[in-house]
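J.: The following block contains a protein sequence and its predicted model.
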Amino acid sequence: MAKTSEPTIIKKYANRRLYNTGTSTYVTLEDLAVMVKGEEDFVVYDAKSGDDITRSVLTQIIFEQEAKGTNLLPVSFLRQLIGFYGDSMQGLVPSYLEYSMTSLTKEQEKLRAQMSEAFGATAFDAIEDQVKRNTEMFERAMKMFMPFPTGEGSAAAAAGSEKKPAQPESSDLDDMKRQLEEMQKTISKLTDKP
C-alpha cells in the first residue's frame with residue numbers, strides 16, 4: 001500500500017477483530033506489525049467508544065513478538081522500565097527512549113556497513129552464532145560445577161563425589177577461552193576503526 005500523509009484508520013471491535021478501513025479488510029496483529037515495518041502509519045480506535053487505543057495495540061504487537069521467542073527486550077530493561085512507572089522520572093522516560101531509538105535507527109545503516117566491512121556480509125549472523133555457541137559452552141561448564149541433577153538424593157551425591165569431570169568438558173573450557181579471546185580481538189579491531 002502506498003504511503004499517504006493521513007494515517008490508516010484501524011477499528012477494533014468488541015470481538016477483538018481489527019478492521020482496516022483503508023483496505024476494507026480484517027487484519028491481524030501480525031498484519032499491523034508488517035505495516036509498522038513498512039513504515040505505514042496507522043491509528044487504532046475502539047469501534048464502540050471511539051477511543052484511540054493505538055498505544056495498547058502496539059504494546060500487544062511487542063508482546064506477541066516476544067512470546068514467539070523474538071526476544072528483543074532484555075529482562076533487566078523490562079524491570080527497569082516497570083520501575084519508572086509512578087516514579088518522578090516517568091515523564092522523562094518516553095522522550096529519552098524515543099530519542100535513543102531515533103538515534104539508533106539513523107545510525108543502523110552506518111553500523112551495518114562498518115560491521116560488513118570488518119567481518120563481511122554475514123557479520124550479524126556470525127556474531128549471533130558465536131553468542132549461541134558461547135551460551136551452550138557456558139551451560140556445559142556450569143554443569144561441571146553442579147554434576148548432579150536437582151532432586152537426586154544425598155547418597156547418590158556422596159557415591160558420585162569421587163567422579164572427576166570428563167575430558168571433553170575441560171576442552172569446552174579451553175574452547176570458551178579461545179573464543180573469548182577471538183571476540184576480544186574482534187571488538188578491539190572494531191573500536192580501532194574510525
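T.: Ah, there it is. Residues are numbered from 1 along each chain as shown.

J.: Only C-alpha atoms from now on, for both contacts and neighbour counts.
T.: Noted.

J.: Where does the spatially most central residue of the chain sit: helix, strand or coil?
T.: In the chain, the residue lying closest to the centroid (C-alpha atoms, centre = their mean) is residue 72, at 1.2 Å. Classification of residue 72 using DSSP: H, G, I helix; E, B strand; the rest coil returns coil.

J.: pLDDT score for it?
T.: As predicted, residue 72 sits at a pLDDT of 85.

J.: Can you tell me the element the nearest residue to it once chain neighbours are set aside falls in?
T.: Among residues not flanking residue 72 along the chain, residue 66 sits closest, at 7.1 Å (C-alpha to C-alpha, 6 or more residues apart in numbering). Assessed by DSSP states H and E, residue 66 sits inside helix 54-67.

J.: Just the CA coordinates for the helix or strand following that helix, please, in PDB.
T.: With elements assigned by DSSP H and E, the helix or strand that comes after helix 54-67 is helix 75-84. Extracted C-alpha coordinates of helix 75-84, given in PDB (Å, rounded to 0.1, in the frame of the first residue of the first chain):
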ATOM      1  CA  VAL A  75      14.600  -8.800  31.300                       C
ATOM      2  CA  SER A  76      16.700  -6.200  33.100                       C
ATOM      3  CA  PHE A  77      15.400  -3.500  30.700                       C
ATOM      4  CA  LEU A  78      11.800  -4.600  31.300                       C
ATOM      5  CA  ARG A  79      12.300  -4.500  35.100                       C
ATOM      6  CA  GLN A  80      13.900  -1.000  34.900                       C
ATOM      7  CA  LEU A  81      11.100   0.200  32.600                       C
ATOM      8  CA  ILE A  82       8.400  -1.100  35.000                       C
ATOM      9  CA  GLY A  83      10.300   0.600  37.900                       C
ATOM     10  CA  PHE A  84       9.900   4.000  36.200                       C
END
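
J.: Appreciated, that's everything.
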